[in-house]
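S.K.: Output the structure for:
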Amino acid sequence: WRGEKGGGEGGGTGGLPAESFKCCTIAMVDIVGYTSLCEKLKPMQVKNLLDRFYTELDKLVDKHDLYKVETVGDSYMVIGGGEFVEGDSGATQVERVARWCLETIEVSKQIPIIMDTEGDPGVEC
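M.R.: Residues are numbered from 1 along each chain as shown. As a prediction, this is how the structure comes out:
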């Protein structure tokens, strides 16, 4: 994987050089039904939902020695391996990311959604 950060030796428009890593594992999470959920909730309810959810995901990132790359809307991206975090648990980056994904799904089931609609949104990892 080659993470293009733009600018420098790697080209692009930003000020940071591109980086490459021999081996890393990437996971992205999206909230299932996020767009329709946003249509039914008030803006502050959406903000509070994302704040609660991302706070829990941040805790899991720390627990599993991962690196949070980005959050955009309902998308949350993490990386294991690369040069970001040296995990000392003995688990490979693939194992750490997989455990993070499984725990993320469980956490998503515990985040209350205050709304008047049927069905619960889920998480895809």
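S.K.: now for the helix or strand G80 falls within, which elements pack on it?
M.R.: Remark: G80 resides in strand 75-81, with elements defined by DSSP states H and E. Helices and strands touching strand 75-81, by 3 or more CB pairs under 8 Å, 6 or more residues apart in numbering; DSSP states H and E, are strand 24-31, helix 43-63, strand 67-72, helix 93-110. Where you see a C-beta, it was placed from the backbone N, CA and C, and this is true even at glycine.
S.K.: how about JSON lines for the ones you listed, with mean neighbour count and distance to L37 added?
M.R.: Listed next are the helices and strands packed on strand 75-81 as JSON lines, based on neighbours: other CB atoms under 10 Å; distance: least, CB to CB, whole Å:
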{"stretch": "strand 24-31", "mean neighbour count": "18", "distance to L37": "7"}
{"stretch": "helix 43-63", "mean neighbour count": "15", "distance to L37": "8"}
{"stretch": "strand 67-72", "mean neighbour count": "13", "distance to L37": "16"}
{"stretch": "helix 93-110", "mean neighbour count": "17", "distance to L37": "12"}
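S.K.: Please produce CSV containing these, extended by mean pLDDT.
M.R.: As requested, the helices and strands packed on strand 75-81 are exported to CSV (pLDDT from 0 to 100):
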stretch, mean pLDDT
strand 24-31, 89
helix 43-63, 92
strand 67-72, 87
helix 93-110, 92
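S.K.: Next, format these as a markdown table and append distance to V78.
M.R.: Formatted as a markdown table, those follow (distance: least, CB to CB, whole Å):
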| stretch | distance to V78 |
| --- | --- |
| strand 24-31 | 5 |
| helix 43-63 | 6 |
| strand 67-72 | 6 |
| helix 93-110 | 6 |
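S.K.: just to revisit the earlier point, can you pull the buried residues of the strand holding G80?
M.R.: 76, 78-81 (16 or more other CB atoms under 10 Å).
S.K.: Looking at the residues you listed, which is nearest Y34?
M.R.: Taking CB to CB as the measure, Y34 sits nearest to Y76 out of those, at 11.5 Å.
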